[in-house]
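Chemist: Provide a 3D model corresponding to the input given below.
(2 chains)
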2 protein chains.
Amino acid sequence: MDFFRVQPVNKVIELIEEYVQPVSKTEVVSLSEASGRIVAENVYAREDVPSFSRSTVDGFAVKSNDTYGVSEMMPGFLSVIGEVEMGRLSEYDVQQGQAVYVPTGGMLPTGCNAVVMIEDCEQVEDIVNVSRSVATNENVILKGEDVKAGEVLIKKGTKLRPQELGALASLGIDTVAVVKKVIIGYLSSGDEIVPFSTTDLPPGKIRDVNGVSIPALAEQWGAEVHISDIANDNYSDFRDKAEHLFQECDALFISGGSSVGAKDYTTEVIASLGNGDPGILVHGVSVKPGKPTILSVSSKKPVVGLPGHPASAMIIFQLFGKRIISHLTGQGEVFPLTGKASVSQNIPSSPGRTDFIRVTLEEGNPFPKATPVLGKSGLIKTLVNSDALLEIEAPKEGVKQGETVTVHYFM
Amino acid sequence: MDFFRVQPVNKVIELIEEYVQPVSKTEVVSLSEASGRIVAENVYAREDVPSFSRSTVDGFAVKSNDTYGVSEMMPGFLSVIGEVEMGRLSEYDVQQGQAVYVPTGGMLPTGCNAVVMIEDCEQVEDIVNVSRSVATNENVILKGEDVKAGEVLIKKGTKLRPQELGALASLGIDTVAVVKKVIIGYLSSGDEIVPFSTTDLPPGKIRDVNGVSIPALAEQWGAEVHISDIANDNYSDFRDKAEHLFQECDALFISGGSSVGAKDYTTEVIASLGNGDPGILVHGVSVKPGKPTILSVSSKKPVVGLPGHPASAMIIFQLFGKRIISHLTGQGEVFPLTGKASVSQNIPSSPGRTDFIRVTLEEGNPFPKATPVLGKSGLIKTLVNSDALLEIEAPKEGVKQGETVTVHYFM
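Modeler: Numbers count the residues shown, from 1 in each chain, chains lettered A, B, ... in the order given. As a prediction, the model looks like this:
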């Protein structure tokens, strides 16, 4: 059993970076299932995109030097030798003094290096009057200009957004190797905790809020979640349930029982899992809310003891859980999205402790206005009413009205 | 057929607000399926949370006036009459001069109104020395302090985040009425477009990128997407496919064919759908990229003609598609998430047109640094390489190095 090791927030983050390693199991999925997944290996382009030089406008494909010096007052005359059809091979070989009509997206005929927009042309039978000059490659996307065959299109570790899926589609790639979903185990403990679906709450009991909100967050971040039945404050029941999840998951989160109480088995259970190397790294974090947080890594699997209070548990999971999941997927350091805000009133804070204050955000210039949501740390309604978390860094004694602060969005 | 109606971005947004009405079909889903869904009616609390007054610390429950004036030098002595067990009814009725041990989360015994933290107590057999005074309700969450029975817990139109799911769980609510997923129809058109899974690309053809990226975005925003086979540039084929989707969907997005070309049937097809009331509202938007955008509302269904270029289509869909979906779900005006950035170089722009510049973001103080990603509007790689879109408002001639600008995150 480890002694108490209360650590500042940035030290906990360093320990996560140091000890949490990618799981690196991969699987191949189709493009329609790949949204939000993490690419497991570099994806190379196997052909040029576009596969032919195309016009980006409706107009006349020309040799650009045929247009030099023309103007509305002094148009140039070119002879129209035909029209490129959309989606068809162009078989024209354009010579000096000639032009071919090309629609947007149509193939640039051989011999041309630019397209004059139709607005700058007037066609009279086989002759087109060109009233604006074009530079080489103007209104054209060249073969391979978007993506060149052989180049890395998407780097290993990239999260697939709709635009990455589009880029894969442009190359005819319909499956992609991604990192397997990380499996997160979740266990609520405590004699007072009953399943959330309990209709008539017995005296002294509370429903399992964390067993709903923490898995929902983990799923939102792309993890697969295994949820255990609630463990009561009985060492062997608690340890059996934790051990079972520890075996089948990549990381384990346990909520409740982590403050100094007679029935606190959480530390003992966490210490008993895996090979104990390196074991419990953090026992208590200088943060509010969320002080009674435990971080352990054992047999290469991170285990976190979350505070029991629902709001504290969610804030700690936002802060550390998201980083753990992102390191397990090999995405590396993905910060929770932050922004700046201007605080609407003085907020005191104890130096030596990072404070996360629930705030609402209103439009403001140049920053949105952040106003604290009142309420004790255990209250879930304060989280429902808030738009973001305002961070007061550990050395500070508070923030002053009008001060520019960092806010963490919920996502 | 409507004549050209080129509109500025803010006018298009006003038209969406004016004409796109909530679909307001609802369904009941379980909590485990409710993440990200929109609540269809106000959810009322049917009981108090917590259902009993609880201690927020490990310590001794007392009458607060028994601790007035005590200090480390002058502790007060109280007689310990017992201990509250977690998750059990407390049957003590505490009198003046008495104390009961309570663990974090334990029920506050009758007669007590505060808890002294264990760190401020020293127990010697049946006596506890209290060295710090507590105020009324200190270290206690009162019955109903989080949520009061009968109050509105979650307002109609709220998007269910993990904290809202937690709040529902705290009340034992395991199903919730949500707005049915909006059904978005998507159709790519154009003789040059072939299915993205085409391995050997015939000359002059390009793969259907928008048919992958646009549906992925819509799904990310919570919509269900119906995708049609690609329509070729043949009026009756195009109209049949559009009409079919128009009937079964709440909104229809059509990509391609919206610039002025010989084979442009998009406007005609869009004008033919539904009862034509009010019909085509916008034909062209003063925005770059994305000018050839069409907005129509007919038989209460919005129909959008997106530009064919993949990057332009995605940017327009970010700008208008997200708002349309959010109005259809009854969420109202949900802005794409924006932030401020400091621009790393001068970027010119044409006044009278809103420009969206693809940028990368790097850490910076007080704002991240935004650097333009070079490339033509049709290039999907420029979107893959970018973190956000920098907006240059219509009246401006550009932005200067170091200027503070608005960026739209992709999400």
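Chemist: Do any residues in the host helix or strand of A:Ala242 lie close to chain B?
Modeler: Per DSSP states H and E: A:Ala242 is located in helix A:235-248. No - interface with chain B: helix A:235-248 contributes nothing (C-beta under 8 Å from any C-beta of the partner chain), its closest point being 13.1 Å away. Where you see a C-beta, it was placed from the backbone N, CA and C, and this is true even at glycine.
Chemist: Now the element after that helix, going C-ward?
Modeler: Immediately after helix A:235-248, counting by DSSP H and E, sits strand A:251-255.
Chemist: From B:Met73, how far out is A:Ser298?
Modeler: Using C-beta to C-beta, to the nearest Å, one obtains 45 Å as the distance from A:Ser298 to B:Met73.
Chemist: Settle it for me: which of these two has more neighbours?
Modeler: A side-by-side neighbour count of A:Ser298 and B:Met73, using other C-beta atoms under 10 Å in any protein chain shown, places A:Ser298 first with 22 against 6.
Chemist: quick one: low-confidence ranges for the stretch 251-400 of chain A?
Modeler: Along the stretch 251-400 of chain A, segments meeting pLDDT under 70 span A:257-264, A:333-336, A:377-378.
Chemist: repeat that with 80
Modeler: For the stretch 251-400 of chain A, the stretches with pLDDT under 80 are A:256-264, A:332-337, A:375-379.
Chemist: thought A:Pro195 was touching A:Ile206?
Modeler: No - under the criterion of C-beta atoms under 8 Å, A:Pro195 makes no contact with A:Ile206, lying 11.1 Å away.
Chemist: Which of the two has more residues huddled nearby?
Modeler: A:Ile206 (22 against 14).
Chemist: For the closest residue to that one other than its chain neighbours, give me its contacts.
Modeler: Computed as C-beta to C-beta, 6 or more residues apart in numbering or on different chains, the closest residue to A:Ile206 that is not its neighbour in sequence is A:Glu192, at 5.7 Å. Neighbour list for A:Glu192: A:Gly204, A:Lys205, A:Ile206, B:Met86, B:Gly87, B:Gly105, B:Gly106 [criterion: C-beta atoms under 8 Å, 6 or more residues apart in numbering or on different chains].
Chemist: With secondary structure, pLDDT and distance to B:Thr371 added, can I get the residues you listed in TSV?
Modeler: Converted to TSV, the contacts of A:Glu192 look like this (DSSP: H, G, I helix; E, B strand; the rest coil; pLDDT from 0 to 100; distance: C-beta to C-beta, whole Å):
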residue	secondary structure	pLDDT	distance to B:Thr371
A:Gly204	coil	88	58
A:Lys205	coil	91	55
A:Ile206	strand	89	50
B:Met86	coil	85	55
B:Gly87	coil	85	57
B:Gly105	coil	86	51
B:Gly106	coil	91	56
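Chemist: domain parsing for chain A?
Modeler: By the assignment in automatic domain parsing, chain A contains the domains A:9-25+A:180-328, A:26-49+A:145-179, A:54-141, A:338-409.
Chemist: any idea whether the closest residue to chain B within the stretch 251-400 of chain A is helix, strand or coil?
Modeler: Nearest to chain B in the stretch 251-400 of chain A, going by C-beta to the nearest C-beta, is A:Leu383, at a distance of 3.9 Å. Taken by DSSP: H, G, I helix; E, B strand; the rest coil, the conformation at A:Leu383 corresponds to helix.
Chemist: quick one on the thing from earlier: next, the angle strand A:251-255 makes with the helix holding A:Ala242.
Modeler: Helix A:235-248 and strand A:251-255 are oriented at 150 degrees to each other (axes from the mean of the first three to the mean of the last three C-alpha atoms, to 10 degrees).
Chemist: For helix A:235-248, what is the distance to the chain centroid?
Modeler: 31 Å (C-alpha atoms, centre = their mean, to the nearest Å).
Chemist: Using PDB, write out the CA atom coordinates for it.
Modeler: What follows is helix A:235-248 as a C-alpha-only set of coordinates in PDB (Å, rounded to 0.1, in the frame of the first residue of the first chain):
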ATOM      1  CA  TYR A 235     -13.400  -5.900   0.100                       C
ATOM      2  CA  SER A 236     -13.800  -9.200  -1.700                       C
ATOM      3  CA  ASP A 237     -16.900  -8.200  -3.700                       C
ATOM      4  CA  PHE A 238     -15.300  -4.900  -4.600                       C
ATOM      5  CA  ARG A 239     -12.000  -6.500  -5.600                       C
ATOM      6  CA  ASP A 240     -13.600  -9.300  -7.600                       C
ATOM      7  CA  LYS A 241     -15.600  -6.800  -9.700                       C
ATOM      8  CA  ALA A 242     -12.600  -4.600 -10.200                       C
ATOM      9  CA  GLU A 243     -10.300  -7.500 -11.100                       C
ATOM     10  CA  HIS A 244     -12.800  -8.800 -13.600                       C
ATOM     11  CA  LEU A 245     -13.000  -5.400 -15.400                       C
ATOM     12  CA  PHE A 246      -9.200  -4.900 -15.100                       C
ATOM     13  CA  GLN A 247      -8.600  -8.100 -17.000                       C
ATOM     14  CA  GLU A 248     -11.000  -7.300 -19.900                       C
END
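Chemist: in it, what counts as buried?
Modeler: Buried residues in helix A:235-248, counting neighbours by 16 or more other C-beta atoms under 10 Å in any protein chain shown, are found at A:Phe238, A:Arg239, A:Lys241, A:Ala242, A:Leu245, A:Phe246.
Chemist: I'd like to know which of those is nearest to chain B.
Modeler: Once C-beta to the nearest C-beta is applied, the member of the buried residues of helix A:235-248 that ends up nearest chain B is A:Phe238, at 13.1 Å.
Chemist: Model confidence for the residue nearest to the closest one when sequence neighbours are not counted, exactly?
Modeler: Closest residue to A:Phe238 apart from its sequence neighbours, by C-beta to C-beta, 6+ apart: A:Ala231 at 4.1 Å. We note a pLDDT of 93 for A:Ala231 in this prediction.
Chemist: What of A:Gly111?
Modeler: Reported pLDDT for A:Gly111: 97.
Chemist: Can you give me the distance of it to A:Pro75?
Modeler: 21 Å.
Chemist: Show me the strands in the stretch 301-411 of chain A, by range?
Modeler: Here the stretch 301-411 of chain A has its strands, by DSSP state E, counting those that start in this stretch, at A:301-306, A:338-343, A:347-348, A:354-362, A:369-372, A:388-392, A:398-399, A:404-409.
Chemist: The fourth one pairs with which strands?
Modeler: The strands beside strand A:354-362 in its sheet (DSSP bridges) come out as strand A:287-288 (parallel), strand A:369-372 (antiparallel), strand A:388-392 (antiparallel).
Chemist: ranking those strands by burial, who's on top?
Modeler: Of all the strands paired with strand A:354-362, strand A:388-392 has the most neighbours on average by mean count of other C-beta atoms under 10 Å in any protein chain shown, namely a mean of 23.
Chemist: if we can go back for a sec, what values do phi and psi take at the residue nearest to A:Ile206?
Modeler: Main-chain dihedrals, A:Glu192, degrees, to the nearest 10: phi -90, psi -10.
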